[in-house]
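K.L.:
quick one: sequence and predicted model below, then my questions.
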Amino acid sequence: MTQDRYSRQMLFKQIGPKGQQTIGQAHVLIVGMGALGTHLAESLTRSGIGALTIVDRDYIEYSNLQRQTLFTEADANAALPKVVAAEKMLRAIREDIILHSHIAHVDRVFLEDCCKDVTLILDATDNFETRQLLNDFAYQQKIPWVYGGVVQSTYIEAAFIPGETPCFNCLVPQLPVMNMTCDTVGVIQPAVTMTTSLQMRDTLKIITGNTVPTKLTYGDLWDDTHMSFGFSRLKRDTCPTCGDQPTYPFLNETNKQYASLCGRDTVQYVNPNISQEMLQKFLEQHHIVYNRNPYILQFHFKGYRIVSFTSGRMLIHGTTRPQEAIHLINQLFG
């Protein structure tokens, strides 16, 4: 494919032809294909990235369309998994990109199986636990990663480079309180694009070998505030992730069969022994109406909406309490 499409990017002297070549050889993992993830995936595809791995555990709903740029109304009507719709759109943008897509929950096993050879990791998640997992994996494997968060009109971003910067755990005590989620207090599009612009800036810097300051950037677009502070002195020798004797505790946590999803009024249930064929047969035997596409099966039970993926993973909408979800599953399957 002609390099003319990247001519304006190569004219930028901090990248140039050599930097463009490096971008074309890089492989980036994006964890999450929501607002941040779709913006980042499109930007990287247009920038000429060589390979992308995208992963997300969710499907498209109408509430996503306000800010998640790779999806359409038809995708929401079909309840397509986010990575399926994203892959189709990204390939339409650039046919020569190497693209790996996964409908999956990100855990240690997934990262170790699919992500050891990536150049860089981009955080496009919406929960603290996954970021701690990514932080441990990145520092264990010595892979740079870029953190991003957005809610309401606020944005936050920082780059972490193993061997050069303190890790996410060292920074956590200094982070602004971000315990709200888009599902509880909303988000506006300009805050999303501000976050991903900062993440893309540091991604391009890291890939092309430019210096990335050890700084966290935080602001509120609505209130017109913007600030950054250095965190190079926050490194702790006793840190379990980047200290003198790392143990990577979040990589060693036992995977939970039930987990409450941040801000979603949803509990995730994982049981690989329940195939969609088994579930469909069960629903038909009990005369429970369901809808199905090639990726997910949806039905209602006892007032809850349940979405099942082919991997034996279910999203139980309408509750945040794992115990309530356990009771519901026991009623279903005994």
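P.N.:
Ah, there it is.
K.L.:
count the neighbours of M33 for me.
P.N.:
31 (other CB atoms under 10 Å). Heads up, the C-betas are built off the backbone N, CA and C, glycines and all.
K.L.:
ok, then the element right after the helix or strand of the chain with the lowest mean pLDDT?
P.N.:
When each helix and strand of the chain is scored by mean pLDDT, DSSP states H and E, helix 182-185 comes last, with a mean of 59. As assigned by DSSP states H and E, the chain's next helix or strand after helix 182-185 is helix 189-207.
K.L.:
what count of nearby residues applies to Q189?
P.N.:
Count around Q189 with other CB under 10 Å applied: 14.
K.L.:
that one: what's it in contact with?
P.N.:
Going by CB atoms under 8 Å, 6 or more residues apart in numbering, Q189 touches 66-67.
K.L.:
measure it to P144 for me?
P.N.:
Distance, Q189 to P144, using CB to CB, to the nearest Å: 27 Å.
K.L.:
what of A104?
P.N.:
According to CB to CB, A104 and P144 sit 22 Å apart.
K.L.:
quick one: the helices in the stretch 151-300 of the chain?
P.N.:
168-171, 182-185, 189-207, 276-285 (DSSP state H, counting those that start in this stretch).
K.L.:
buried stuff in the last one?
P.N.:
Going by neighbour count (16 or more other CB atoms under 10 Å), the buried part of helix 276-285 is 276, 279-280, 283.
K.L.:
one more: the longest one?
P.N.:
Applying a neighbour-count criterion of 16+ other CB under 10 Å, one finds 191-196, 198-207 buried in helix 189-207.
K.L.:
between the helices of the stretch 151-300 of the chain, which gets the lowest average pLDDT?
P.N.:
For the helices of the stretch 151-300 of the chain, the stretch scoring lowest in mean pLDDT is helix 182-185; its value is a mean of 59.
K.L.:
where does the prediction get shaky in the stretch 51-200 of the chain?
P.N.:
Confidence mapping of the stretch 51-200 of the chain against pLDDT under 70 gives the ranges 176-184.
K.L.:
so where do the strands sit in it?
P.N.:
51-56, 98-103, 120-123, 145-151, 154-160 (DSSP state E, counting those that start in this stretch).
K.L.:
out of the helices of the stretch 151-300 of the chain, which is closest to I156?
P.N.:
Among the helices of the stretch 151-300 of the chain, the nearest to I156 by CB to CB is helix 189-207 (7.2 Å).
K.L.:
angle of that closest one against strand 145-151?
P.N.:
Calculated by axes from the mean of the first three to the mean of the last three CA atoms, to 10 degrees, helix 189-207 forms an angle of 170 degrees with strand 145-151.
K.L.:
CA atoms of helix 189-207 as CSV?
P.N.:
Extracted C-alpha coordinates of helix 189-207, given in CSV (Å, rounded to 0.1, in the frame of the first residue of the first chain):
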residue,chain,number,x,y,z
GLN,A,189,-17.7,13.1,23.8
PRO,A,190,-15.0,15.9,24.1
ALA,A,191,-13.7,14.4,27.3
VAL,A,192,-13.2,11.1,25.5
THR,A,193,-11.3,12.6,22.6
MET,A,194,-9.1,14.6,25.0
THR,A,195,-8.2,11.4,26.8
THR,A,196,-7.4,9.5,23.7
SER,A,197,-5.5,12.4,22.2
LEU,A,198,-3.1,12.3,25.2
GLN,A,199,-2.9,8.5,25.0
MET,A,200,-2.1,8.6,21.3
ARG,A,201,0.5,11.3,21.8
ASP,A,202,2.4,9.1,24.3
THR,A,203,1.8,5.9,22.2
LEU,A,204,3.4,7.5,19.2
LYS,A,205,6.3,8.9,21.3
ILE,A,206,7.0,5.5,22.8
ILE,A,207,6.8,3.6,19.6
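K.L.:
what angle separates that helix from strand 154-160?
P.N.:
Going by the same axes, to 10 degrees, helix 189-207 makes 10 degrees with strand 154-160.
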